[in-house]
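*Asks:* after the sequence you'll find the predicted model.
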Amino acid sequence: MNFLYFNLFISVCIFFLLILLIYFYRNKKEKLLIVAFIFLILMSSIFVYFAYNLLIKIGIISTIYQNSINYSVLINGANKINGIELADNFLSINLLFSISILMLLYFLLILYFNTKILNEKWDLSFIQRIFGKWYYHYFMKIYSYGSKSNQAWMFFMYILLILTSILSILMAYSLIVYIDTITEMYINSKK
């Protein structure tokens, strides 16, 4: 059962790190913002790994959990519930939330560097030396188009990240609350 509490802990940490990320961005604390990005990506990677293993090893977890307690959930025999499919869907949603948080963080990081490149006019002439003049002009044209709506996209990414983080907290909490039902249905469906 400790693995479920750890899942909830990681979800809450990601939420609070997102709040810190917004605070650092608003107050222009560049170094702390980069540190918050690194910790967020690290925590999200752990969250994806953990959610994936939870999904893959549900059979082992169900057997261990149900053998460790003497508790039986009554399932109505008239309703045909596919417990394996239900447990897999529930844990797949948990994995989907963790992957979406990680992907949104990467997109937000790209948008952040896009803003830094355009606002501070970074010298990117090394791209011209490495890839050639044509690619350099194409690359700079893409960045110049992105600058017009960059702040709006960053705001949209923050909103999506906060909502996804809140949903992952709710999913982690519901995993803790309904683990006995999920594992019982999974084991009963395998029989």
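*Replies:* Yep, that arrived. Residues are numbered from 1 along each chain as shown.
*Asks:* okay, residue 42 and residue 49: tell me how far apart.
*Replies:* According to Cβ to Cβ, to the nearest Å, residue 42 and residue 49 sit 11 Å apart. Bear in mind the C-beta positions are built from the backbone N, C-alpha and C, glycine included.
*Asks:* can you check residue 26 too?
*Replies:* Taking Cβ to Cβ, one finds residue 26 at 31 Å from residue 49.
*Asks:* next one: residue 183
*Replies:* Distance from residue 183 to residue 49, by Cβ to Cβ: 21 Å.
*Asks:* who has more neighbours, those two?
*Replies:* The neighbour comparison of residue 183 against residue 49 (other Cβ atoms under 10 Å) goes to residue 183, with 23 against 11.
*Asks:* the more buried one is in what secondary structure piece?
*Replies:* helix 179-190 (DSSP states H and E).
*Asks:* go ahead and name everything in contact with stretch 163-180.
*Replies:* The contact list for stretch 163-180, computed with Cβ atoms under 8 Å, 6 or more residues apart in numbering, reads 1, 4-5, 7-8, 10-12, 14-15, 18, 47, 65, 69, 71, 73, 90-91, 93-94, 97-98, 100-101, 104, 182.
*Asks:* and those, which are buried?
*Replies:* 4, 7-8, 10-11, 14-15, 18, 47, 65, 90-91, 93-94, 97-98, 100-101, 104, 182 (16 or more other Cβ atoms under 10 Å).
*Asks:* appreciated, that's everything.
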